[in-house]
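> let's see this in three dimensions:
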Amino acid sequence: MYKCSAVVIGVLIAIMVTVNGALSKGVGDYSSVLIIHLVGLISISTVLVLRKGKLKFKEKLPMYFFSGGAIGIFIVLFNNIAFNKLGASLTLSLGLLGQLIISGIIDHFGLLGMRVNKFKSKKITGFLLVFIGIIVMIVY
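Alright, predicted model coming up:
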């Protein structure tokens, strides 16, 4: 179930990057980021109102837990810029490489409150395959 959800997330990210990139071409990089996040704010606000949801804080959270929104702004901005220069597949592939690298580091050291999940040398093969695939995409 969770693995299928992860695949669906990947599909949605590819669609999102493509649509966001097209919007960016039409209205500009910074304006598109503002529009995208305003639409997102309206969407989640509507969901919360319809579900009668309330913001709940079950425990005191570290301040860096709230940085995701700011990080999201830069992700969308840089995706839009890269998309318009590199296209969807290369933008997403390079993004995936970055995600693989940092997620491996986060897992290995248990950073950002995550449990430690030591890096296994078997994973290097997967990293190399992704890296080689990206090189092929850049060259051809």
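> where do the helices of this structure begin and end?
Assigned by DSSP state H, the chain shows helices spanning 2-27, 29-50, 68-86, 88-109, 123-139.
> what is the last one packed up against?
I take that to be helix 123-139. Packing partners of helix 123-139 (3 or more Cβ pairs under 8 Å, 6 or more residues apart in numbering; DSSP states H and E): helix 88-109. C-betas here are computed from N, CA, C, even on glycine.
> how about residue 107, what does it touch?
For residue 107, the contact set (Cβ atoms under 8 Å, 6 or more residues apart in numbering) comprises 114, 116, 117, 118, 119.
> check those residues and tell me the two furthest apart.
Of all pairs drawn from those, the greatest distance, 13.1 Å, lies between 114 and 119 (Cβ to Cβ).
> follow-up on the earlier one: using a markdown table, lay out the contacts of residue 107 together with pLDDT, neighbour count and distance to residue 103.
Output for those, formatted as a markdown table (pLDDT from 0 to 100; neighbours: other Cβ atoms under 10 Å; distance: Cβ to Cβ, whole Å):
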| residue | pLDDT | neighbour count | distance to residue 103 |
| --- | --- | --- | --- |
| 114 | 90 | 12 | 9 |
| 116 | 94 | 10 | 13 |
| 117 | 90 | 13 | 10 |
| 118 | 91 | 8 | 13 |
| 119 | 87 | 13 | 10 |
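> residue 98 versus residue 112, what's the distance?
Residue 112 is 16 Å from residue 98, where distance means Cβ to Cβ, to the nearest Å.
> quick one on the thing from earlier: can you lay out the helices of the chain as TSV showing distance to residue 59?
Below are these laid out as TSV (distance: least, Cβ to Cβ, whole Å):
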stretch	distance to residue 59
helix 2-27	24
helix 29-50	20
helix 68-86	17
helix 88-109	21
helix 123-139	32
